[in-house]
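Trainee: Prediction below, plus the sequence it came from.
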Amino acid sequence: MNRGLRWRDLLNVLSGVMMIAALYLVFLYAPREATMGDVQRIFYFHVASAWVGFFAFFVTLLAGIGYLRTRTRASDIVGLSSAEIGVTFTAMAVISGSIWAKPTWNAWWPWLQEPRLILVTILLLIYLAYFMLRAFLEDEEQKARFAAVYGIVAFAGVPVTFMSIHWWQRLHPIVFEKQGAGLTQPMLGTFMFCLLTFTVLYFSLLLHRSRLASLADEVQELTQRLQTGPGGRK
Amino acid sequence: MRFLSKTLAIVWKDVIAELRTRELFSSMFVFTLLLIVIFSFSFDLRVDKVAEVAPGVLWVTFVFAGTLELNRSLSAEIEEGRMDGLLLAPMPRSAIYFGKMVGNLVFISATEAVMLPIFSAVFDLNLIRPVLLLTVFLGTLGFSAVGTLLSAMAASTRAREVMLPVLLFPVVLPVVLSAVKLTAGIIDGVPWASLALWLRLLIGFDVIFLTISYMTFDYVVQG
């Protein structure tokens, strides 16, 4: 119990401090971008959110494999929690990306200029399918099992799709290039720090959400014991 | 060889059953015909624009018809308790997977074989070309590979007809995308170098989805 307390509090404090530092870096330390101006600063949190969105579903995949091999409730909880966090960050990435795209390319969702949008759409749809699958199954064991399988199957195609966009862009260079090539040192440093901050935040949220789920389980178990045990209502 | 004969036994069972009732094939045929009609009216297909929309229309039609087939194929088995019979039979679960997968592939391909000449006529394009037929086969293979697994999952949920497209489409989108790009390239007469990327991608996805579906099928159908 003591050990769990330490990790939670440590991550809380760490992610809080890092986030404040990241905000400082993004708004005050990083230089103003030459062509796009201040709106470019969205990029730091936008890419970091997208990264967490992908990483979270990878964790769901790992949890799925873990569940199929060990059949423990903990694996299922981690898978579900990670998916919830992931869908939130993916939605954040989508919204921030649209806000960035409009002044930059004068389009809210430029499919043709940025094929990575296809990948993000797939990811979002996979997340929604995952939650819908869980919602439409009643049996807890079946729910965990199917969610585990879907987590594995759904994410299987994503890395290859990601690579394919790279190869495709090498053949057909997209005219409006996303920020990536022209990053100066302070920008690169800020970017890396933001990635790290969001990752720490992800793990902190994962710990909290998982703990919430297992506490809910405990409450349900206690309620049942109370109702069916000696002196209970049933 | 024993594994192959068990797989083929399942395929044969499905084919014989279908030949007797022709239920599945006729409904898929009518459905795809309706889709072609609807598309041609909504896009107002004229000769000069047609080549641009043809690949997309083709694959959307195949995907919808394929989803119809997948829904009917496995949900009927599970509803009527035939799945339990299959599970009790002395064969490895992977043989059941491959048997159903090949069966789905056969049925969807049969519909595609009938549809391609009709598409060729409506779009006024020559679609009966070896490379294009290969593309259609590979795309259908990938679709069937992951579709068989996911239809087994969807069949156990409450809203099974809706569940399958929701589960399947995001997963199979890269396959469909590669197939559409390849089809478009073939129709436009693009040089082989740019097409090779999409073909390799399509084959890569087929391999990935076949492998993963085969490995996880057992976890889905166990009682």
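Mentor: Happy to help now that I have it.

Trainee: From here on, just use CA atoms for contacts and neighbour counts.
Mentor: OK.

Trainee: Check whether the helix or strand containing residue A:159 comes near chain B.
Mentor: Element membership of residue A:159, judged by DSSP states H and E, is helix A:140-171. Yes: applying Cα under 8 Å from any Cα of the partner chain, one finds helix A:140-171 touching chain B at A:145-146, A:149, A:153-157, A:160-161, A:164, A:171.

Trainee: Close to chain A: what parts of chain B are there?
Mentor: B:153, B:156-159, B:163, B:166-167, B:170-171, B:173-174, B:194, B:201, B:205, B:208-209, B:212-213, B:216, B:219-220.

Trainee: Out of these, which end up buried?
Mentor: B:153, B:156-157, B:163, B:166-167, B:170-171, B:173-174, B:201, B:205, B:208-209, B:212-213, B:216, B:219-220 (16 or more other Cα atoms under 10 Å in any protein chain shown).

Trainee: mind listing which of those residues are in helices?
Mentor: Among those, the residues falling in helices (DSSP state H) are B:153, B:163, B:166-167, B:170-171, B:173-174, B:201, B:205, B:208-209, B:212-213, B:216, B:219-220.

Trainee: quick one: residue A:190 and residue A:25 touch, right?
Mentor: Yes: Residue A:190 sits in contact with residue A:25 when judged by Cα atoms under 8 Å, with a separation of 5.9 Å.

Trainee: what's the overlap in contacts for those two?
Mentor: Residues within reach of residue A:190 and of residue A:25 at once, by Cα atoms under 8 Å, 6 or more residues apart in numbering or on different chains: there are none.

Trainee: for residue A:190, what are its contacts?
Mentor: A:22, A:25-26, A:30, A:44.

Trainee: and if you look at residue B:3?
Mentor: Applying Cα under 8 Å, 6+ apart, one finds that residue B:3 lies in contact with B:91, B:95.

Trainee: Determine how far stretch B:134-154 lies from the middle of the whole chain.
Mentor: Distance, stretch centre to chain centre, for stretch B:134-154: 5 Å (Cα atoms, centre = their mean, to the nearest Å).

Trainee: Chain B: which of the residues of helix A:140-171 next to chain B is nearest?
Mentor: Using Cα to the nearest Cα, the shortest approach to chain B within the residues of helix A:140-171 next to chain B belongs to residue A:154, at 5.4 Å.

Trainee: the helices in chain A, which residues?
Mentor: Using DSSP H, helices in chain A cover A:2-24, A:42-70, A:73-105, A:116-135, A:140-171, A:185-228.

Trainee: Switch the ones you listed over to JSON lines; also include mean pLDDT.
Mentor: Below are the helices of chain A laid out as JSON lines (pLDDT from 0 to 100):
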{"stretch": "helix A:2-24", "mean pLDDT": "85"}
{"stretch": "helix A:42-70", "mean pLDDT": "93"}
{"stretch": "helix A:73-105", "mean pLDDT": "91"}
{"stretch": "helix A:116-135", "mean pLDDT": "90"}
{"stretch": "helix A:140-171", "mean pLDDT": "86"}
{"stretch": "helix A:185-228", "mean pLDDT": "92"}
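
Trainee: can you tell which of these is closest to residue B:19?
Mentor: helix A:140-171 (32.7 Å; Cα to Cα).

Trainee: ok now the closest one, how far from the chain's centre?
Mentor: That offset, for helix A:140-171, works out to 14 Å (Cα atoms, centre = their mean).

Trainee: Having no further points to raise, I will conclude here.
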